[in-house]
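> show me the folded form of this:
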Amino acid sequence: MRKWWPLAAICLGTFMLLVDVTIVTVALPDIAADLGTTLSDVQWVVDIYALALASLLLGVGSRADRIGRRKVYLAGLIVFTAASVVCAVAPSAEVLIGARAVQGLGAAGMFGTTIALLGMHYSGRERGVAFAVWGATNSVAAAAGPLVGGLLTQYLDWRWIFFVNLPVCLVAVVMTLRSVREAKGLGRQRADVLGMVTFTVAGGALTFGLIRAHSDGWAAPFTLGLFAAAAVALALFVVVETRHEHPVLDLSLFRRPSFTGLMVGALFLQGAAFAYLLYESLWMQSVLGYEPVEAGLYILPMCASAFVASALAGRFGPWPPRVSIAGGLALIALGAGMQATLDAGSSGSSLVAGLVVAGLGVGLVTPSLSAAALATVPPERGGMAGGAVNTFRQLGFALGIAVYGVIFQSRIESVLRADGGVPDPHGTAVALSGGQARSVVAAWPEGGRAEMAHLVREAFASGLNAMLIAAAALGAVASLLVVATVRAPAAGAERRKPEAGTDPHGQETVADAAR
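Model (predicted):
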């Protein structure tokens, strides 16, 4: 059993960092009340973590290839743990948001190295088992976050959603030191610092711009400035990567249709499967009046079905990457579409069937996507491949939250305008999408509160439906692109030879890695 200790150490850290992506979603109302701020302000507690994680993953994965993957993973664990403690004792929203950004930095150090570490420790059928377990961990963590957050918030305090990280991460540190081997892929080659910086600026400015467009409008000068900064940074990133001897992301890989298809699948996966959970949790708590645990329980079936699908994929696979990834994305699209049937009388149970189907899709996609991405690069660039696929996944989550916020608020405002009885549809829509449904209804004249409450439920349902249709479209488009681009590697592919100074572990054929 000792051979599985590295997998356990890596999965434990992965579980914690991914739980923290969604664990705060059901706790936002309590955090806002305790810190004396608005819910729309503390939504940055979710956004800044996803943004930091997405923006830094690629650079961290590439850097780990040079200075040591275990070293970077351990450093990430330590930073993540320390930042979790600061989050738990934060006296203000500003301190909490800043600590969450640092927590995202630590999470990037962990997540950017996991795929490469797994690929280094396991090969052949054991690699398939390792990625199936790791994929199940991914699926369960992302879906279980709202339930874990609800339990801790309702029965202890919202601060415990961060305190709980401390003992778990300390165990992960000890397990990593005792079981995970160190490996470097590229020795002392010059780091692509400018590439890391320009990519981080591009991803950060784009996501921030979408968030500000949600609150300030698309034509606001600051919003336009952020989009312009993102475009300039992206252009500089492309120029830098084409000229650097050892780029943080080898753009020539995008000439391979399979690699491009996998990155698109990774980008759309999180947006189509998880980004809408924040708004569903908001609906259940602020409109339907559910407690945090109750809201989390309605999302739990997604967690269970994702785990089952990952376990079955590991037991009865391997399947060709195109089949499992495209099929999983199609299920995610179907699950989102099944949820887009809400009306003013709907309850949390209306989501369950669609969440189960979406969870099955997540369980199929996650391990296959990671293994297929690792198979596209030489072993010594495993950190780059792992960083790339995880970067696109988390960037999809951050962008999904921002884009869905715009769709959600716009649709609510349209319903309020169509009703004609709301004097300030835009302001009311902003308040509703910020979780202030109860305050909006309470402020309405007493004789019309019942009608206003019904209108709020109708507007929320319409906003959620529009968002879920967008998620279904994302999943469907990604599935079709994967079918069109991803091909199974040739069965007789040559074994890759490591470069001088690289670690010799995990050198198997591309076909073996994909399996």
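> can you tell me the closest non-neighbouring residue to residue 332?
residue 361 (3.7 Å; C-beta to C-beta, 6 or more residues apart in numbering). From N, CA and C alone the C-beta is placed, and that goes for glycine too.
> what separation do you get for that neighbour and residue 146?
Using C-beta to C-beta, to the nearest Å, residue 361 is found at 18 Å from residue 146.
> same deal with residue 103?
18 Å.
> so which of the two has more stuff around it?
Set side by side, residue 103 and residue 146 show unequal neighbour counts under other C-beta atoms under 10 Å, the larger going to residue 146 at 31 against 27.
> identify the residue nearest the more buried one in space, chain neighbours excluded?
Per C-beta to C-beta, 6+ apart, closest to residue 146 is residue 296, 4.3 Å.
> element containing the one you found?
helix 292-316 (DSSP states H and E).
> which secondary structure elements does that helix contact?
Under the contact criterion of 3 or more C-beta pairs under 8 Å, 6 or more residues apart in numbering; DSSP states H and E, helix 292-316 touches helix 124-155, helix 277-282, helix 352-374.
> next secondary structure after it?
helix 321-339.
> so that next one versus helix 292-316, what angle?
Here the directions of helix 321-339 and helix 292-316 differ by 150 degrees (axes from the mean of the first three to the mean of the last three C-alpha atoms, to 10 degrees).
> now for helix 321-339, which elements pack on it?
helix 257-273, helix 352-374, helix 449-485.
> what are the buried residues along the helix or strand harbouring residue 21?
Assigned by DSSP H and E, residue 21 belongs to helix 5-22. Neighbour-count burial for helix 5-22, counted by 16 or more other C-beta atoms under 10 Å, picks out 6-22.
> gap between the closest residue to residue 279 other than its chain neighbours and residue 396?
In this structure, residue 279 finds its nearest non-sequential neighbour in residue 408, 5.5 Å apart by C-beta to C-beta, 6+ apart. Distance of residue 408 to residue 396, computed by C-beta to C-beta: 17 Å.
> now residue 130
Distance from residue 130 to residue 396, by C-beta to C-beta: 24 Å.
> returning to that earlier point: make CSV out of the helices and strands packed on helix 292-316 and add mean pLDDT.
Formatted as CSV, those follow (pLDDT from 0 to 100):
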stretch, mean pLDDT
helix 124-155, 75
helix 277-282, 83
helix 352-374, 83
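> surely residue 85 and residue 167 touch.
No - distance between residue 85 and residue 167: 11.6 Å, which falls outside the contact criterion (C-beta atoms under 8 Å).
> those two: which is more packed in?
residue 85 (15 against 10).
> how about the CA coordinates for the host helix or strand of that one, as PDB?
Residue 85 belongs to helix 69-89 when assigned by DSSP H and E. Extracted C-alpha coordinates of helix 69-89, given in PDB (Å, rounded to 0.1, in the frame of the first residue of the first chain):
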ATOM      1  CA  ARG A  69       7.700  20.000  -8.300                       C
ATOM      2  CA  ARG A  70       7.600  18.600  -4.700                       C
ATOM      3  CA  LYS A  71       9.300  21.800  -3.400                       C
ATOM      4  CA  VAL A  72       6.600  24.000  -5.100                       C
ATOM      5  CA  TYR A  73       3.800  21.800  -3.900                       C
ATOM      6  CA  LEU A  74       5.000  22.000  -0.300                       C
ATOM      7  CA  ALA A  75       5.500  25.700  -0.500                       C
ATOM      8  CA  GLY A  76       2.000  26.100  -1.900                       C
ATOM      9  CA  LEU A  77       0.600  24.000   1.000                       C
ATOM     10  CA  ILE A  78       2.400  26.100   3.600                       C
ATOM     11  CA  VAL A  79       1.200  29.400   2.000                       C
ATOM     12  CA  PHE A  80      -2.300  28.100   1.700                       C
ATOM     13  CA  THR A  81      -2.400  27.000   5.300                       C
ATOM     14  CA  ALA A  82      -1.100  30.400   6.600                       C
ATOM     15  CA  ALA A  83      -3.500  32.400   4.500                       C
ATOM     16  CA  SER A  84      -6.400  30.200   5.700                       C
ATOM     17  CA  VAL A  85      -5.600  31.200   9.300                       C
ATOM     18  CA  VAL A  86      -5.600  34.900   8.300                       C
ATOM     19  CA  CYS A  87      -8.900  34.400   6.600                       C
ATOM     20  CA  ALA A  88     -10.300  32.800   9.700                       C
ATOM     21  CA  VAL A  89      -9.400  35.700  12.000                       C
END
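> not including adjacent chain positions, what is the nearest residue to residue 200?
Residue 200's closest residue in space is residue 55 (C-beta to C-beta, 6+ apart), at 4.4 Å.
> so who does residue 273 touch?
Going by C-beta atoms under 8 Å, 6 or more residues apart in numbering, residue 273 touches 142, 332, 335-336, 358, 361-362, 471, 475.
> tell me what the helix or strand hosting residue 198 is packed against?
Following DSSP H and E, the helix or strand that holds residue 198 is helix 193-216. Other helices and strands packing on helix 193-216, by 3+ C-beta pairs under 8 Å, 6+ apart, are helix 44-67, helix 221-243, helix 382-419.
> can those helices go into CSV with extra columns for mean pLDDT, distance to residue 123 and mean neighbour count?
Shown next, in CSV, are the helices and strands packed on helix 193-216 (pLDDT from 0 to 100; distance: least, C-beta to C-beta, whole Å; neighbours: other C-beta atoms under 10 Å):
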stretch, mean pLDDT, distance to residue 123, mean neighbour count
helix 44-67, 74, 19, 26
helix 221-243, 88, 30, 16
helix 382-419, 79, 12, 24
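> point out the most buried one among the helices and strands packed on helix 321-339.
helix 352-374 (a mean of 27; mean count of other C-beta atoms under 10 Å).
> I'd like to know which elements that one is packed against.
Looks like helix 352-374 contacts helix 93-121, helix 124-155, helix 257-273, helix 292-316, helix 321-339, helix 382-419, helix 510-514 (3+ C-beta pairs under 8 Å, 6+ apart).
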